[in-house]
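K.L.:
Predicted structure and sequence below. I'll ask about it afterward.
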Amino acid sequence: MQQLHHQQRSTVGLPGAGPPRRRCEGTAMGAITLDLRPGFGIGPFNLGMALHEALAQVEHQPNIYDVVHVKYLDEEPLKLDIIISFPDHGFHLRFDPWSQRLRLIEVYDVKRLHMRYANSLIGGPSALATFVAVYALFGPTYPGSYDRDRGIYTLFYPGLSFAFPIPSQYAYCCQNGDVSAELPLELPDGTTPVACRVSVYDGSSDSKVGVGSLLDKASVPPLPAGSLYMEEVHAKLGEELWFTVGGQRIPFGASPQDVWTELGRPCGIHQKQVDQMVIHSASDPRPRTTLCGDYFYNYFSRGLDILFDGQTHKIKKFVLHTNFPGHSDFNTYMKCNFVIYGTDDKGTIHPGSAPKNCITPSTKWEQVKEILGDGGRAAIQTQGSMTNPFGSTFVYGYPNVGFEVMKNGHIATVTLFQS
């Protein structure tokens, strides 16, 4: 797993990052208090929220979330969860790597975090989450399950579970995954187990989420009807974009007024710097200024940039972002769920029924070459070595489309244009 530290926030694209703080990990002030909402979330973090939204919450409260780690599998970023960890507060957030939405909240050091439920506190150094305290606060429930290999007894409530370590000498209290008699409110030596982990997950299903393999049972809550998050955006090379939820179609050559009408006000507008790749063209005009007349409309919440010609004010390029961790633009854009298919595909394409040979954010570079052919030699893009801790990316060009590819073979951005 790769790990991005909070002190690197300004270099990984988190919005609003201030100067790095040098406080050492583990020297935080006393335990913070977060509201516990079984089945829905904890504190400002809601199950189903986007990774971008969670990191925005971190940025809004830098004095509380002072040390933050973002963990992911660098070689295969879609294989394991993306994790935002708060080591000073003993909990972390697990995001589904494909949708980048929060599927599970784990309090892995219960003694570090005060949780408030029904005006009562549990957890933290002053309110130990003992079995007795949990049972008194949350009420009766069905017998839990016992993991013999880990020596862990897990107690389940809707959208919430508590894991308790059971000393090996008292393992006989639990048999074949079921409690032999009463719930272990008290062990034979007179002590009561203390929770070592609390899990908060979507309570709309009957899944029971706990430690080990039970972690995988936590699923992302369904999106609200009509949500635009992860909307499929179909791209017909050299022609247009089609937004499948809203039904908008935006062709090359459309005006800023057309785009405002279809997509609404952009999140940002900025003037384009001179294309650094223009020196490779036959004409090589070698402009004398670092800015040109062209300008971008930025739709960060859609993972999309639209470039307009500064003279004709017509669309000349679309840039689609995958928001993979390990790229310099990580967390600047939400993920664009694009589907790209070629000019030889005929007929109407419906959402969820794209042709077999299409390109999506999950398509790796080797698969792109199988679909479009060899992209030739790559141009190397560094984004500035001082501001980009992730190293260079590789740019490949085809008629009407260009791909920026990370070292792990995943697509970082796709640029659509008319040849």
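P.N.:
Noted; the coordinates are in hand. Residues are numbered from 1 along each chain as shown.
K.L.:
now the residue nearest the centre of the chain, nearest residue through space, not along the chain?
P.N.:
For the chain, the residue sitting closest to the mean C-alpha position, by CA atoms, centre = their mean, is Q100 at 3.1 Å. Nearest residue to Q100, sequence neighbours excluded (CB to CB, 6 or more residues apart in numbering): L51, at 4.2 Å. C-beta here means a position set from N, CA and C on the backbone, and glycine is covered the same way.
K.L.:
Neighbouring strands of the longest strand seen in the chain in the sheet, and parallel or not?
P.N.:
Across the chain, the longest stretch assigned as strand under DSSP state E is strand 291-299. Using DSSP bridges, strand 291-299 pairs in its sheet with strand 268-273 (antiparallel), strand 304-308 (antiparallel).
K.L.:
ranges for the helices of the chain?
P.N.:
Ranges of helices in the chain, per DSSP state H, are 51-60, 131-138, 256-263, 365-372.
K.L.:
Now render those helices as TSV, adding distance to F308.
P.N.:
Formatted as TSV, the helices of the chain follow (distance: least, CB to CB, whole Å):
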stretch	distance to F308
helix 51-60	25
helix 131-138	56
helix 256-263	6
helix 365-372	27
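K.L.:
Nearest approach to V68 belongs to which of these?
P.N.:
Ranking the helices of the chain by their distance to V68 (criterion: CB to CB) puts helix 51-60 first, at 5.6 Å.
K.L.:
Now tell me which helix or strand of this protein has the poorest mean pLDDT.
P.N.:
Every helix and strand of the chain was ranked by mean pLDDT, DSSP states H and E. The lowest is strand 178-179, at a mean of 46.
K.L.:
With mean neighbour count, distance to Q61 and mean pLDDT added, can I get the strands paired with strand 291-299 in JSON lines?
P.N.:
Output for the strands paired with strand 291-299, formatted as JSON lines (neighbours: other CB atoms under 10 Å; distance: least, CB to CB, whole Å; pLDDT from 0 to 100):
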{"stretch": "strand 268-273", "mean neighbour count": "12", "distance to Q61": "24", "mean pLDDT": "87"}
{"stretch": "strand 304-308", "mean neighbour count": "22", "distance to Q61": "29", "mean pLDDT": "97"}
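K.L.:
I'd like the ones you listed written out as TSV, with distance to K236 added.
P.N.:
Shown next, in TSV, are the strands paired with strand 291-299 (distance: least, CB to CB, whole Å):
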stretch	distance to K236
strand 268-273	24
strand 304-308	15
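K.L.:
Report the residue spans of the stretch 101-250 of the chain with pLDDT below the cut-off.
P.N.:
Within the stretch 101-250 of the chain, the set of residues satisfying pLDDT under 70 comprises 174-184, 210, 212-214.
K.L.:
again, only using 80
P.N.:
Counting by pLDDT under 80, the ranges of the stretch 101-250 of the chain that qualify are 143, 170-190, 204-217.
K.L.:
could I have stretch 101-115 exported to CSV, CA atoms only?
P.N.:
Extracted C-alpha coordinates of stretch 101-115, given in CSV (Å, rounded to 0.1, in the frame of the first residue of the first chain):
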residue,chain,number,x,y,z
ARG,A,101,-17.5,6.3,-2.2
LEU,A,102,-17.3,5.5,1.5
ARG,A,103,-18.4,2.0,2.3
LEU,A,104,-17.1,1.4,5.8
ILE,A,105,-15.9,3.3,8.9
GLU,A,106,-13.7,1.4,11.3
VAL,A,107,-12.7,2.6,14.8
TYR,A,108,-9.6,0.4,15.2
ASP,A,109,-8.3,2.0,18.5
VAL,A,110,-11.5,2.5,20.5
LYS,A,111,-9.6,4.0,23.4
ARG,A,112,-8.6,7.0,21.3
LEU,A,113,-12.0,8.2,20.2
HIS,A,114,-15.1,9.4,22.1
MET,A,115,-18.3,8.4,20.3
